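Generate a structure from the sequence data that follows.
(2 chains)
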Number of protein chains: 2
Amino acid sequence: MSKLYQFTLDPYCRRVRLALAEKGLTPQLADERPWAPSQQLLDLNPSGLLPVWADETGQAICGIEAVGEFLEERHPEKSLLPGNAWARAEARRIVAWFDVKFYTEVTEPLLTEKVVKRFMPGSAAPDMARVRLALQNLKPHLDYLALLAEERSWLAGDELSLADLAAAAHLSAIDYLGDINWRENQVARSWYERIKSRPAFRVLLSDTVAAMPPAPHYAELDF
Amino acid sequence: MSKLYQFTLDPYCRRVRLALAEKGLTPQLADERPWAPSQQLLDLNPSGLLPVWADETGQAICGIEAVGEFLEERHPEKSLLPGNAWARAEARRIVAWFDVKFYTEVTEPLLTEKVVKRFMPGSAAPDMARVRLALQNLKPHLDYLALLAEERSWLAGDELSLADLAAAAHLSAIDYLGDINWRENQVARSWYERIKSRPAFRVLLSDTVAAMPPAPHYAELDF
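Residues are numbered from 1 along each chain as shown, chains lettered A, B, ... in the order given. Sure thing, here's the model as predicted:
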């Protein structure tokens, strides 16, 4: 059995979990705290960055891009970068939207202030101004997602791709915290409902972080 | 002629310039300021993120991962991800080391404090404590680079790869600022000397940022 070194609410780890599940792979999960990587993780990835995926032989693949591309190359049975080179570029453009812009403006401040500061020893109090700004930033991002979801079957085109998985990874992390008011954006909600109903998504719905239960609607398919 | 929307000292734009040059492609450069993206850039990439590469027909590819992978797929004549899937995973691991860890700990604070704050209207004064910390962080990174360079011909293996280009992109940006004391690490210096001597590297050596000339040794092959 393969093994995924991960932190439950980290959006990059969540994307890998979704990708593995879409491809029918079921890893064992090894929980890590990003602010205090274990020696085992550092032995596999000296940078300490998550996610790290070790295959059945224990050989490790380090980082979201490396794991994502390795899975596409070695497990092509359900492609998450379908179409031609231009279609793949469009999927990767949207992945970058979420992994860089959305992460900087929304995911990182919410996770840092609400989760990391709660568990990391010696942290300062949460900066509520950062939280409020991140929640304001969320709205135009949901509008952009809705713009894509109205024009296309899935975010990057006719088929599900890494773009949908990246978006779902970030949104589900902050949905766990109860920070998305889905009633404000029906198009985004309808896209999220579709991806949440996929069998692969089940791996995320049973998530729990110790001493921090999910928002009540987190695991509901009708939310 | 293709066109690259870029900021001269941005390490992701620098990596694309190196990759294009290794593949024999010569784009026209369109200078952008990351803190104030032009309307032309926003029309191509609504996130405003750099780099954006538009091919001869004007069709745009947005973001470092999208451009890097597109070039590998459509211009495979000089592969920058050579070998098998495991070799590619190792190259991407090292790319993440520089693009995530090195960027966070070294490049971003130095560029923000020394460059962005100098040119962005209404910026606060440079935070010299951040600069000092980034310069301290640089040393263990050069040691890690030297560890790889001692074991291997190039950072990820026997052949030049995106790993070397990513490392060179970050290091050359801060070398422009004069922030690397190459005498302190002869192995890292010797690797940098080799990559700096490649014909493709010439595209970076003539760089100048208005009102901010490069460090005196920046363009010297014997530094």
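
ok now do the residue nearest the centre of chain A, which residues does it touch?
Chain A has residue A:169 as the residue nearest its centroid, 2.2 Å off, counting by C-alpha atoms, centre = their mean. Going by C-beta atoms under 8 Å, 6 or more residues apart in numbering or on different chains, residue A:169 touches A:11, A:12, A:14, A:15, A:18, A:98. Quick note: C-beta positions are derived from backbone N, CA and C, even for glycine.

The last one - nearest residue in space that isn't next to it in sequence?
The one in question is residue A:98. Sequence neighbours aside, residue A:166 is the residue nearest to residue A:98 in space, at 4.4 Å (criterion: C-beta to C-beta, 6 or more residues apart in numbering or on different chains).

can I get the contacts of residue A:169 in a markdown table with secondary structure, pLDDT and neighbour count?
Output for the contacts of residue A:169, formatted as a markdown table (DSSP: H, G, I helix; E, B strand; the rest coil; pLDDT from 0 to 100; neighbours: other C-beta atoms under 10 Å in any protein chain shown):
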| residue | secondary structure | pLDDT | neighbour count |
| --- | --- | --- | --- |
| A:11 | helix | 98 | 25 |
| A:12 | helix | 98 | 25 |
| A:14 | helix | 98 | 26 |
| A:15 | helix | 98 | 27 |
| A:18 | helix | 98 | 24 |
| A:98 | helix | 98 | 27 |
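
Let's have those residues in TSV, adding distance to residue A:181.
Output for the contacts of residue A:169, formatted as TSV (distance: C-beta to C-beta, whole Å):
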residue	distance to residue A:181
A:11	19
A:12	25
A:14	21
A:15	23
A:18	23
A:98	19
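
before we move on, which element is the residue nearest to residue A:98 in?
Under the criterion of DSSP states H and E, residue A:166 resides in helix A:162-176.

quick check: angle from the next helix or strand after that helix to helix A:162-176?
Per DSSP H and E, helix A:162-176 leads on to helix A:186-196 as the next helix or strand towards the C-terminus. Going by axes from the mean of the first three to the mean of the last three C-alpha atoms, to 10 degrees, helix A:186-196 is angled at 100 degrees with respect to helix A:162-176.

Quick one, grab the pLDDT at residue A:77.
The per-residue pLDDT reported for residue A:77 equals 88.

Assess the claim that it and residue A:23 are in contact.
Yes. Between residue A:77 and residue A:23 there is a contact under C-beta atoms under 8 Å: 6.6 Å.

Settle it for me: which of the two has more neighbours?
Legend: neighbour count by other C-beta atoms under 10 Å in any protein chain shown for residue A:77 and residue A:23, higher for residue A:23 (18 against 7).

tally of neighbours for residue A:208?
Residue A:208: 12 neighbours (other C-beta under 10 Å).

Could you double-check that it lies in contact with residue A:215?
No. At 11.8 Å, residue A:208 does not count as touching residue A:215 under the criterion of C-beta under 8 Å.

Scan chain A for its longest helix.
helix A:128-151 (DSSP state H).

what distance separates it from the centre of its chain?
When distances are taken as C-alpha atoms, centre = their mean, to the nearest Å, helix A:128-151 is centred 16 Å away from the chain's centroid.

so where's chain A uncertain?
Filtered on pLDDT under 70, chain A yields no residues whatsoever.

Helix A:186-196 and the longest helix of chain A, what's the angle between them?
Going by the same axes, to 10 degrees, helix A:128-151 is angled at 80 degrees with respect to helix A:186-196.
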